[in-house]
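**Q** return a 3D structure for these sequence lines:
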Amino acid sequence: MRYGDGGGLNSAARERRELVRRRAGELFAEGVTALGVAAVLEVSANSAYRWRRAWAAGGVEALASKGPPGPDPVLSEAQLVRLRQRLELGPAAAGYGEDQRWTLQRIAALIATMFHQRVSIATAWQVMRRLGYTAQLPVHRAVERDEQAVTHWRRRRWPALKGSRGG
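**A** Below you'll find the predicted structure:
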């Protein structure tokens, strides 16, 4: 099986697969059978037969990629650029002064404000993934935290209390 990557959902994988299909079209034009194409390109016979039908109906252009599956993205590339710039200003610039974290609910509200388009939390998550963001849990640290005291306690006091050889 040539496409063992689970479908290859990124653009590079689609381009790679399109090259394989175009090569199949060239082989069909040379008179190679569908089974011969399947053997040469290391694909399933079903794929080769499907490509041959498409090639016979529309030529090599019929073998071109149809683009990513699913619906079109909610936000355009230009809107994503504007959203990224706004997100980089931080939540305080958007009116969230009490907590300096972007949540999906806040991002959905920001999208609605900026682009007059309501989106679900799931869509806000997809937009953030398109922008390259990942889910992150903030580290909660007290403002009064004394790092030197914590380091000293971990290195000296804790081993002594624990009864380890390191203390």
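
**Q** and the residue nearest in space to the middle of the chain, how far from Gly67?
**A** The residue lying closest to the centre of the chain (C-alpha atoms, centre = their mean) is Arg129, at 5.1 Å. As judged by C-beta to C-beta, to the nearest Å, Arg129 and Gly67 stand 18 Å apart. Where you see a C-beta, it was placed from the backbone N, CA and C, and this is true even at glycine.

**Q** which secondary structure elements does the longest helix seen in the chain contact?
**A** In the chain, with assignment by DSSP state H, the single longest helix is helix 11-29. Contacts defined by 3 or more C-beta pairs under 8 Å, 6 or more residues apart in numbering; DSSP states H and E place helix 11-29 against helix 34-41, helix 45-58.

**Q** redo the ones you listed as a markdown table? Include mean neighbour count.
**A** Listed next are these as a markdown table, based on neighbours: other C-beta atoms under 10 Å:
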| stretch | mean neighbour count |
| --- | --- |
| helix 34-41 | 17 |
| helix 45-58 | 16 |
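
**Q** now render those helices as CSV, adding mean pLDDT.
**A** Shown next, in CSV, are the helices and strands packed on helix 11-29 (pLDDT from 0 to 100):
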stretch, mean pLDDT
helix 34-41, 94
helix 45-58, 94
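
**Q** what pLDDT does the residue nearest to the centre of the chain get?
**A** pLDDT recorded at Arg129 is 91.

**Q** skip the chain neighbours and tell me the closest residue to Leu34.
**A** Heads up, residue 34 is Ala, not Leu. Once flanking residues are discounted, Ala34 sits nearest to Ala48: 4.2 Å by C-beta to C-beta, 6 or more residues apart in numbering.
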